[in-house]
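Asker: Got a sequence here, can you build the structure:
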Amino acid sequence: MAWFKRSDKGILTPTEAKREVPDGLWFKSPAGKIVHTRELKNNAYVVPEEDYHVRIGSAEYFEVLFDNNEFTELDANMESGDPLKFVDTKAYPKRIKETQAKTELKDACRSAYGKMNGLDIVVACMDFAFIGGSMGSVVGEKIARAMDHSLKHKKPFLMISRSGGARMMEAGLSLMQMAKTSAKIAQLDQAKVPYISLMTDPTTGGVTASYAMLGDFNIAEPGALIGFAGPRVIRETIGKDLPKGFQSAEFVLDHGFLDFIVDRRSIKSRLTTLLKMLQ
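Answerer: So this is what the prediction gives:
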């Protein structure tokens, strides 16, 4: 019965010598597809085969859009204060500092200018990782200043929205950003400077009710959730059941609120073609 016996104990690897798989090496999609992060990055952060668009932030969008990832950032050090002394505590400033440390971002929006396939463009992009991409005074001001740069230099402006809505810790000051950014968009229109609004998953609340829906061209990524209030709130308000997927980009396109849906892998070439046509 020698074949049931192990004659050579072999070499055992000490526990301290074992190598663990690094965190973040693989990505698992909601459908269970496993993709190496390098392959995901090379595919514009879209899962191959199933075309699932992974939520990404400003750093990744700038990498996708700007030639050689070269750009000049605008107002990079602008950050929120606590103008309303929220609830007479330091809770809001503390949360800002904690989120800055966690995300390595100053606030929920970054803006920059550079070249996209050789064309000048200004891009403002929201970061959902920073307090749900909420629109506060800094977000509104950075967008307004980026639009000022577009106006001054006659460069097309691209707004990439991903937000849960207004940042209510700033109350009325947050809501006023809707009016401020909308007024800047009117100036872009008067100067005939193209404004393209790209809505990604999710785009909701006061952002949807202002600059996200005011583009010369309103476009979206596949499957993006786009709406003002959530389904439960709307259902309770109107007292009716809602169509399945009524806030998806595809539903919104079918009902005339979008010009087209664009795959992230082709967005750079599609935008370049569009801007050349406008020129």
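Asker: Please tell me I have it right and residue 219 contacts residue 197.
Answerer: Yes: Residue 219 lies in contact with residue 197 (Cβ atoms under 8 Å); the separation is 7.1 Å. Backbone N, C-alpha and C define where each C-beta goes, glycine included.
Asker: Over to the residue nearest to residue 265 when sequence neighbours are not counted. Which of the three states is it?
Answerer: Excluding its sequence neighbours, the residue lying closest to residue 265 (Cβ to Cβ, 6 or more residues apart in numbering) is residue 44, at 4.5 Å. Following DSSP: H, G, I helix; E, B strand; the rest coil, residue 44 is assigned to coil.
Asker: separation between residue 44 and residue 199?
Answerer: Distance, residue 44 to residue 199, using Cβ to Cβ, to the nearest Å: 17 Å.
Asker: These two - which one has more neighbours?
Answerer: residue 199 (29 against 20; other Cβ atoms under 10 Å).
Asker: My read is that that one contacts residue 226, right?
Answerer: Yes: with contact defined as Cβ under 8 Å, residue 199 and residue 226 form a contacting pair (5.2 Å).
Asker: what touches both of the two?
Answerer: Common contacts of residue 199 and residue 226 (Cβ atoms under 8 Å, 6 or more residues apart in numbering): 208, 212, 220, 249, 258.
Asker: Could you tell me which of the residues you listed are located in strands?
Answerer: Among the shared contacts of residue 199 and residue 226, the members falling in strands (DSSP state E) are residue 220.
Asker: remind me, longest helix of this structure?
Answerer: Longest helix in the chain, counting residues (DSSP state H): helix 171-190.
Asker: tell me the angle the following helix or strand past that one makes with helix 171-190.
Answerer: Once the chain leaves helix 171-190, the next helix or strand it forms, by DSSP states H and E, is strand 195-203. For strand 195-203 against helix 171-190, the angle by axes from the mean of the first three to the mean of the last three Cα atoms, to 10 degrees is 140 degrees.
Asker: Give me the contact list for strand 195-203.
Answerer: Residues external to strand 195-203 that are found in contact with it (Cβ under 8 Å, 6+ apart): 53, 55, 128, 147, 150, 156-164, 185, 188-189, 208, 211-221, 223-227, 249, 258, 262, 267, 271, 274.
Asker: how about the CA coordinates for it, as PDB?
Answerer: What follows is strand 195-203 as a C-alpha-only set of coordinates in PDB (Å, rounded to 0.1, in the frame of the first residue of the first chain):
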ATOM      1  CA  TYR A 195     -21.200  73.700 -23.800                       C
ATOM      2  CA  ILE A 196     -21.500  69.900 -23.600                       C
ATOM      3  CA  SER A 197     -23.100  68.200 -20.500                       C
ATOM      4  CA  LEU A 198     -22.100  64.600 -19.900                       C
ATOM      5  CA  MET A 199     -24.300  62.900 -17.300                       C
ATOM      6  CA  THR A 200     -22.800  59.800 -15.500                       C
ATOM      7  CA  ASP A 201     -24.100  57.500 -12.900                       C
ATOM      8  CA  PRO A 202     -25.800  59.000 -10.900                       C
ATOM      9  CA  THR A 203     -26.800  62.500 -11.800                       C
END
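Asker: Can you give the distance of the least confident helix or strand in the chain by mean pLDDT from its chain's centre?
Answerer: Within the chain, confidence by mean pLDDT, DSSP states H and E is lowest for helix 231-238 among all helices and strands, at a mean of 84. From the chain centre to the centre of helix 231-238 is a distance of 26 Å (Cα atoms, centre = their mean, to the nearest Å).
Asker: Show me what it is in contact with.
Answerer: 227, 229, 241-242, 246-247.
Asker: From those residues, list just the buried residues.
Answerer: Neighbour counting over the contacts of helix 231-238 (16 or more other Cβ atoms under 10 Å) leaves 227, 229, 247 as the buried ones.
Asker: The first one: what's it in contact with?
Answerer: Right, the one you point to is residue 227. The contact partners of residue 227, by Cβ under 8 Å, 6+ apart, come to 203-204, 208, 234, 247.
Asker: pLDDT check: weakest of these?
Answerer: Lowest pLDDT among those: residue 234, with 86.
Asker: Look up how far residue 196 lies from that residue.
Answerer: If you go by Cβ to Cβ, the gap between residue 234 and residue 196 works out to 28 Å.
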